[in-house]
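Q: Need coordinates for the following:
(one chain, ligands or ions: 2)
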Amino acid sequence: MTRIPVIQAADPALAQAMGEVRAMLAACMQCGTCSASCPNAQSMDMTPRRMWRLVLMGRADAVFSSGAFWMCSNCYACTLRCPRGLPLTSAMNALKRIAGASGHPALARHGAFYRAFLDNVRRRGRVRETEMMMHYFSAAGPGEALRFTPLGLRLMRRGKVRLELGSGPWDGALAPLFERAARLEGKEARQ
Ligand code: SF4
Ligand code: SF4
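A: Ligands and ions are numbered 1, 2, ... in the order given. All right, here's what the predicted structure looks like:
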C-alpha cells in the first residue's frame, strides 16, 4: 500500500491521544502471534507486533506515518490469539479514531475514506461503490476524484462497479448493528 506522508515527530496532540492505546498494550511481550494471525498483515506497511512496539515507545510519528491500522478489518483473530489477552482489535480501532479525529492534514484523506465506507455500509446494508466514492470525493476534494478517475473507468468497463441510484433492498439492514456498536463503545469509553 502507499505510505501516507510522514507526520511531524512529537506532534503533541497525536502523542497525547496515543496514551490511551499505550495503556491497552502495556503487557505486550512482543511474541508476534498477532502478526502471524493477521490475515491483512501482508497489506500493511508494518506488522501489528512492530506497531505495538512503536506505540509503547511513544513513537507517534512512526505510528501515524504508517497506514497499517487503516488496513485492519476487525476480524478479531489477533485479539483471540494474543497470549496476554490484550484488546488488540480495540487498539486498532482506537488508532483509527485518533487519526480520524486529529484533523492532521496527512491523515484526513484516510479518515474521510474510512468514514465514507462505514457510512455507506450503515445506510445501504452493503457497499455501493459509486455512491461511497461520491461521498468520499465530496469530503476529500476534486484532486482525489481526478486521481481515481482512470481506475473507476477501468472498473466500470469490466463490470466491476455499477451505477446504483435510489433505494435498495438492503437499506438500513445493518443500522441496528451500528447502533449497538455505538452503544457498546459509549459504555466502554465510560468504564
Ligand atoms: S500477540 Fe499479544 S503479546 Fe504477542 S506481540 Fe501481539 S500484542 Fe504482544
Ligand atoms: S483484527 Fe485487525 S489486526 Fe487483528 S488480525 Fe484482524 S485484521 Fe489483523
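Q: pLDDT weak spots in this protein?
A: The chain contains residues with pLDDT under 70 at 1-10, 187-191.
Q: need the helices for it, in chain order.
A: 12-17, 19-24, 33-37, 48-56, 60-64, 77-81, 88-102, 105-124, 129-140, 142-157, 175-190 (DSSP state H).
Q: Would you mind finding the most buried of these?
A: Of all those, helix 60-64 carries the top mean neighbour count, a mean of 23, counting by mean count of other Cβ atoms under 10 Å. Placement of C-beta: from N, CA and C, glycine included.
Q: what's the spacing between it and its chain's center?
A: 15 Å (Cα atoms, centre = their mean, to the nearest Å).
Q: Can you list the helices and strands that that helix packs against?
A: Here helix 60-64 touches helix 12-17, helix 48-56, helix 88-102, going by 3 or more Cβ pairs under 8 Å, 6 or more residues apart in numbering; DSSP states H and E.
Q: and of those helices, who's closest to T33?
A: Of all the helices and strands packed on helix 60-64, it is helix 48-56 that lies closest to T33, at 8.2 Å by Cβ to Cβ.
Q: Export the helices and strands packed on helix 60-64 as JSON lines, with columns for distance to G125.
A: Listed next are the helices and strands packed on helix 60-64 as JSON lines, based on distance: least, Cβ to Cβ, whole Å:
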{"stretch": "helix 12-17", "distance to G125": "32"}
{"stretch": "helix 48-56", "distance to G125": "30"}
{"stretch": "helix 88-102", "distance to G125": "21"}
